[in-house]
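In: Below is the sequence, then the predicted model.
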Amino acid sequence: MNNFHYSRAADVADAIRLLAADPDAKLIAGGTNLIDLMKENVERPSGLIDISRLPLRKLEETADGSLRIGALVPNSDLAYHPLIEQRYPLLASAILAGASAQLRNMASVGGNLMQRTRCAYFYDTATPCNKRNPGSGCSAIDGLNRNHAILGTSPSCIATNPSDMSVALAALGALVHVAGPSGERTIALADFHRLPGDKPHLDTNLGTGEIIIAIELPPLGFAQNYSYLKIRDRLSYAFALVSVAAALELEGNAISQARIALGGVAHKPWRSLEAEAALRGQAATADHFSHAADLLLAGATARAHNGFKIELARRAIVRTLTQAANATPQSQAHKKIA
Amino acid sequence: MNAYVGTPTSRVDGRAKVTGAAKYAGEFPADGLVHGFVVEATIPRGRIARLDTSAALQVKGVLDVLTHANRPPLAGNDEAWKDEVAPEKGSPFRPLYDDTIKFNGQPIALVVAEEWETAKFAATLVRVEYEPHGFATDLEGERGSAVEFDKPHEPRGDAAGALARAAVRHEADYVIPTEHHNPMELFATTAVWDGDGKLTVYDKTQGVQNVHKFLCGVFDKKPDDIRVVSPYVGGAFGSGLRPQYQVVLATLGALALKRSVRLVLTRQQMYGLGYRPMTIERVALGAKTDGALDAVTHEAIAVTSRYEDFARNDTGWAEQLYSSPNSRFSHKLVQLDVSTPCDMRAPGAASGVCALECAMDELAVALKLDPVELRLKCYSDRDQSENLPYTSKQLRECYARGADAFGWSKRNPAPRSMRDGKELVGWGMATGVWEALQMPVAVRIVLTSNGHAEVSCAASDIGTGTYTIVAQVAADALGLPIENISVKLADSSLPQAPVEGGSWMAASSAHAVLAAAEEVRKELLSLASKMHRSPLADAELTDTVLVDGTIARTNDNSRAVSIADAMRHGNIERIAKEKLNQFDEDKKHARNTHSAVFAEVKVDEELGVIRVSRIVSAVAAGRILNTKTGRSQVMGGVVWGIGMALHEGTVMDHRFGRIMNPNIAEYHIPVNADVRDIDVIFVDEPDAHINKLGIKGLGEIGVVGVPAAIANAVYHATGKRIRRFPITLDKLLD
């Protein structure tokens, strides 16, 4: 672990000022990922700016029926909040699929969006990694890549984003409110995380000196027909090999709205507007789900060890859409897959 | 007589553990304590060309950086470095000895600082330049260079010929990956500087006297200069049998600085210690059409380091389990640029029996026989390798009781024939076997006239319950309530004990307690018999018993003298007796524990997700001293077995020769969600031959057979035979 200085932000403006004064510093809230990375010497911030006491812990319904969630709301509070359970159960389910109760208690909503990949090479400072050390090369492309991305990869990086929460947020069409030296702006969740391209060291499109202040969920919560299914190497407390967030609006058996986002397969939550469009107006049947899966997985590339993810994702998409259509969402407490 | 032995007595150290009163090696305080942090090599083979510690030394609070170039003297001969568990062949690893790099993760410097955080930070400033050498770390890639280690058993008959002629034959490779122990407690040593070159070393170890002798040799110290203490161990599972490098480095630091030094390894650094070696297990079985075995061969190819030949008995277990006129076994090693493997719970058997029992399942399928029926058909009442009967073997009863509790008779033998909604249901079984070993152990009992006794021994309690069973046996042998017994363990100055391992400590320590208690009783009888009108005046020692705070006649407990009266009469306050117990050598019997394991899995047909919904483990292991801790012991073994079957595996990138999942986020072990119903059945197994109390030990048997039972259940559920462990869902998808 590197030596670093510590300061506590008095308010959001102060946090922005502190960050501007020391661009090599990092914001810290729950620290569930950042501290680990500092212990491993992967992150070596010059300083930590503690934002954990800023007043960003509110959940507010807005005039247009959206829900605005403060960036510092703990993951567990969010998952068990009555408004989330009732209006956005997909989000509650995805959060509960991730990490452990202890970690969810510490982790903030904003921090969850900022968590970094679990690629083993990213974590091991003795090996090349373009994300950790730009230009050093990607060890995973020809190495141990069973857990790695099949979609949206680049010759520089095949890492995945590990968040479950973000997958549900992507499906729900969430917005990210950020504040920075030049004021506030809103980024669609779909545009918040980046594909690796030739700059894999950048995980997000958050600008220099910007801070997440809130997440906004649009009014449509898909509370009737949704499911979050996470497939992993043990039944709890493991990162997704593949996860699927599915949300449908049904009129009879016909799909009027469909949202599907994948986790564990790309550098960001993976959506396909084409796949979602293809489902609109169709009957909620396995054939249509299967076609949507094909569209979602178009262009999927297998490396030496992760080829199974393509077929696994295909089956998981169909299964999750079926769960959503049947209004039998996957339970995160009972490990039998519905 | 047996108020405690055989009962579900709660752990006598339970309260201390859950309240935090129990201190572990990294928790002992010391005046002026300073902290070490290890710098590790990041290449698997080569030499250190340059090691620059100047930046680290400039950090405020850093006291020293020890390297091979500036360390205090270390022994230069292998004998000093060979602890009692070291492999016979080889030259043990010597930390900070010279500039040679033998494995990735090898310690190459020790930063010592006032604070742990300072040491950790300064460690990142140590600059190392290597002269890298060519290396190999891939067992499968180097399989061709395997060299015969030894022959565990003489071949019997003509296995090759019999296999060629066999009516039904099965032959396959089973691949068990490298596995790491991951005990909850990190490896740690607090080396307390007592002045004058003397040290008290608090170490995480399974054997304080082993570490004591080792440190005296390595640092050229007299026995009185060093004391090693390890009262509580937060799991070790074999990883603490040999002295690990942190005890050398903490001691080295204390001697260099003449101060107390604490060194706690990180979880990641513990992947540079020992491990269960990866093995390729090739098993061939030949049978007659009725299921009678005609030939068994088993060849294991295992990893070892370039500097030590570590090998355990992977093969040969069929000699104990299955009757066959022809057999051949061999164990081969491939030397790679890795650290030396070490014992890990049921070393050899966990891997070898897994392969054998999967192979037996495949043979049962080929023969169209029920897997239990096949095993009964081949049941061996003798250990064929020595042609000896067993001291006891209730394995038949294990099969019967286990099958009954599981409901095995309702099994449809066809794969993919049983379902529960979208899940395929599979039922599989396997046999477990382990050795019943016993070792010389000495115990000291100090009985005071108020009816309290202190029982002490250098043996460790690695979480298995040694404190508790020693207290139980002592309470019964001394005729005292268990509350009156205090047990002191794991201090090198206490009476002799070997490392705690091999499942031998229960039998060994219990009989040492009996032996010492008999000495106490002898003394009490001598005092009591001299009393005026003593009811024991003419009693022989063999006619007496300690019961209810008295020494009494065995056949009439009312003819008794209280301990207090006897000692008052003799005008003594305490009786202190120490006795070394040695077991008679019995060359006429084989000694083993056995189990029958039945597993139910549910596999999502589309997605391959596996759930182990139930396990029944029926164990025959002689007398069970404590049915509560014993049951926990076996349950823990079953959980390990679930991990071996489905989760565990150390993953190495052979381009770098580095372990890529050195943490318990990515090295998977079962979590609560993976562990459902576990039913442990102790089959009654009286044993008049093995030792006085009929104890066999439970440390290992719980895990053996479990991975195979699960693998066989996965086959029964899915029709897919996965021979490369762990069985992850991707292997079931195609």
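Out: Received the coordinates, thanks.
In: and the longest helix for the chain?
Out: Because you didn't say which chain, this covers chain A. Longest helix in chain A by number of residues (criterion: DSSP state H): helix A:308-325.
In: Chain B was what I was after
Out: Under DSSP H, chain B gives helix B:505-529 as its longest helix.
In: Report the mean confidence score over that one.
Out: What helix B:505-529 shows for mean pLDDT is 97.
In: Which neighbouring elements make contact with whichever helix or strand comes after that helix?
Out: Next helix or strand after helix B:505-529 toward the C-terminus (DSSP states H and E): strand B:544-547. When contacts are defined as 3 or more C-beta pairs under 8 Å, 6 or more residues apart in numbering or on different chains; DSSP states H and E, strand B:544-547 packs onto helix B:505-529, strand B:550-553, strand B:556-562. Where C-beta positions appear, they are placed from N, C-alpha and C, glycine not excepted.
In: For the last one, give the mean pLDDT please.
Out: Read it as strand B:556-562. What strand B:556-562 shows for mean pLDDT is 96.
In: For residue 203, give me the backbone phi and psi.
Out: In the absence of a named chain, chain A is used. phi -80, psi -30 (degrees, to the nearest 10).
In: State the distance from it to B:Glu281.
Out: For A:Asp203, the distance to B:Glu281 equals 43 Å [C-beta to C-beta, to the nearest Å].
In: out of these two, which sits in the busier spot?
Out: It is B:Glu281, of A:Asp203 and B:Glu281, that has more neighbours when counted by other C-beta atoms under 10 Å in any protein chain shown, with 25 against 21.
In: sec struct for the residue lying closest to that one once chain neighbours are set aside, please.
Out: Nearest non-adjacent residue to B:Glu281, counting by C-beta to C-beta, 6 or more residues apart in numbering or on different chains: B:Ala355, 3.4 Å away. For B:Ala355, the assignment made with DSSP: H, G, I helix; E, B strand; the rest coil gives helix.
In: number of nearby residues for B:Ala355?
Out: By the criterion of other C-beta under 10 Å, B:Ala355 has 30 neighbours.
In: for the one 5 residues further on, same thing?
Out: Applying other C-beta under 10 Å, we find 29 residues neighbouring B:Met360.
In: residue contacts, it?
Out: B:Leu285, B:Tyr322, B:Pro371, B:Leu374, B:Arg375, B:Ala430, B:Thr431 (C-beta atoms under 8 Å, 6 or more residues apart in numbering or on different chains).
In: got a list of what the residue lying closest to the second one once chain neighbours are set aside touches?
Out: Spatially, and ignoring its direct neighbours in sequence, B:Tyr322 is nearest to B:Cys378 (4.0 Å; C-beta to C-beta, 6+ apart). B:Cys378 is in contact with B:Gly291, B:Ala292, B:Leu293, B:Leu321, B:Tyr322, B:Ser323, B:Ser324, counting by C-beta under 8 Å, 6+ apart.
In: Now render those as CSV, adding distance to B:Ser558, pLDDT and neighbour count.
Out: Listed next are these as CSV, based on distance: C-beta to C-beta, whole Å; pLDDT from 0 to 100; neighbours: other C-beta atoms under 10 Å in any protein chain shown:
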residue, distance to B:Ser558, pLDDT, neighbour count
B:Gly291, 60, 96, 19
B:Ala292, 60, 97, 16
B:Leu293, 59, 98, 24
B:Leu321, 51, 97, 25
B:Tyr322, 54, 98, 23
B:Ser323, 54, 98, 16
B:Ser324, 58, 98, 24
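In: Nearest to B:Ala160 among those?
Out: For the contacts of B:Cys378, the closest approach to B:Ala160 (C-beta to C-beta) belongs to B:Ser324, at 13.4 Å.
In: Nearest spatial neighbour of the closest one, chain-adjacent residues omitted?
Out: Per C-beta to C-beta, 6+ apart, closest to B:Ser324 is B:Leu293, 4.0 Å.
In: ok, what's across the strand from that neighbour?
Out: Beta-bridge pairing of B:Leu293 under DSSP bridges involves B:Ala287.
In: Tell me which residues touch it, please.
Out: The neighbours of B:Leu293, taking C-beta under 8 Å, 6+ apart as the test, are B:Leu285, B:Gly286, B:Ala287, B:Tyr322, B:Ser323, B:Ser324, B:Cys378.
In: Show me the domain layout of chain A.
Out: Split into domains by automatic domain parsing, chain A comes to A:5-52, A:225-325.
In: Point out the most buried one among those.
Out: Mean neighbour count (mean count of other C-beta atoms under 10 Å in any protein chain shown) peaks for domain A:225-325 among the domains of chain A, with a mean of 21.
In: Show the end-to-end separation of that one, please.
Out: Start-to-end span of domain A:225-325 (C-alpha to C-alpha, to the nearest Å) is 6 Å.
In: And the pLDDT at the closest residue to A:Ser108 other than its chain neighbours?
Out: Among residues not flanking A:Ser108 along the chain, A:Ala29 sits closest, at 4.1 Å (C-beta to C-beta, 6+ apart). Reported pLDDT at A:Ala29 in the predicted model: 98.
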